[in-house]
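Chemist: predicted model, plus sequence, below.
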Amino acid sequence: MPNHIFISHSSQDDDIVKKLRQSLELHGQLPWVDSRELSGGDDLQARIEESICTASHFLVVISLDALGSEWVQQELRLAQEEARKRNDGYKIISVVLPGVEKGHLRLLFPDEPLHIFIDKGPTALNEAMPKIFAALGIQLPEDWQEAEVVQVEPVEELILKLTDPQIKEKDGLRRARAMAELIYNPADRTSRNVISRRYRFTASLGPLELDEIRWYIERYFQWPVGVFKDRAAKTEANLSTW
């Protein structure tokens, strides 16, 4: 008896497919994703066809990249052929990512399947999972928790605004310069912002100094002896000047 869910997708959508797969696995489902299941030496076409034909359901993640993917189109055609042969509730379910319009879907789906549209936002997939579970005919897990919107208190901000950037060279040193303003935004958002006078800001460090500081912080501890110790001593002596 079929016990896995075939997930068709574009490789560009691997991140969201990974989250989808993990959500299904955490609640006892067995998703089949070609990027994880196939290995070197496998007959790619044969393995995919077999998995589509032996799946309990076919779930396709539709993005703008997937719409242009020949693999996704081929897998979907195989699933549609399989659905016409089966009478055991085999479903084709599309999870539609932001950016895809309903008109795009008619190119792939002559018959209207189950479309589940994912909104934008970091919790959008989690919010759509109850619909995915329902479409698959799976009871929603009792421990399922809806994504919560966290209310964040407003905070005061001090913003450095830079305009008219330039590179100036003086005494052989290249430095970035710009016109600057400091903007204070109060937390209550009802008071007026406080804006400083415009002034010229010159970066105190150039690329050479930044590279030296980066080496001192990130690399020196790995080999703090010999010539590297001498180099570190010079860097430390220059810090107050920089």
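Modeler: Alright, I've got the coordinates.

Chemist: share the number of residues neighbouring the residue nearest to Pro224 when sequence neighbours are not counted, please.
Modeler: Distances taken as CB to CB, 6 or more residues apart in numbering put Ala232 closest to Pro224, at 6.9 Å, once the chain neighbours are dropped. (Each C-beta comes from the backbone N, C-alpha and C, glycine too.) Look at Ala232: counted by other CB atoms under 10 Å, it has 17 neighbours.

Chemist: do Glu156 as well
Modeler: Neighbours of Glu156 (other CB under 10 Å): 11.

Chemist: do you know how far it is from Leu162?
Modeler: 20 Å (CB to CB, to the nearest Å).

Chemist: in three-state terms, label the residue nearest to Pro224 for me.
Modeler: Under DSSP: H, G, I helix; E, B strand; the rest coil, Ala232 falls in the helix class.

Chemist: next secondary structure after the lengthiest helix in the chain?
Modeler: Longest helix in the chain, counting residues (DSSP state H): helix 70-85. On the C-terminal side of helix 70-85, the nearest following helix or strand under DSSP states H and E is strand 91-96.

Chemist: for that next one, which positions count as buried?
Modeler: 91-96 (16 or more other CB atoms under 10 Å).

Chemist: these into JSON lines, with extra columns for distance to Ser204?
Modeler: Below are these laid out as JSON lines (distance: CB to CB, whole Å):
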{"residue": "Lys91", "distance to Ser204": "63"}
{"residue": "Ile92", "distance to Ser204": "61"}
{"residue": "Ile93", "distance to Ser204": "58"}
{"residue": "Ser94", "distance to Ser204": "55"}
{"residue": "Val95", "distance to Ser204": "51"}
{"residue": "Val96", "distance to Ser204": "51"}
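
Chemist: for those, which one is nearest Leu78?
Modeler: The closest of these to Leu78 turns out to be Ile92 (CB to CB; 10.6 Å).

Chemist: in the sheet, who's paired with the closest one?
Modeler: Phe58 (DSSP bridges).

Chemist: find me the pLDDT at the closest residue to Ser69 other than its chain neighbours, would you?
Modeler: Leaving aside its chain neighbours, Ser69 sits nearest to Ser10 (4.6 Å; criterion: CB to CB, 6+ apart). pLDDT for Ser10: 92.
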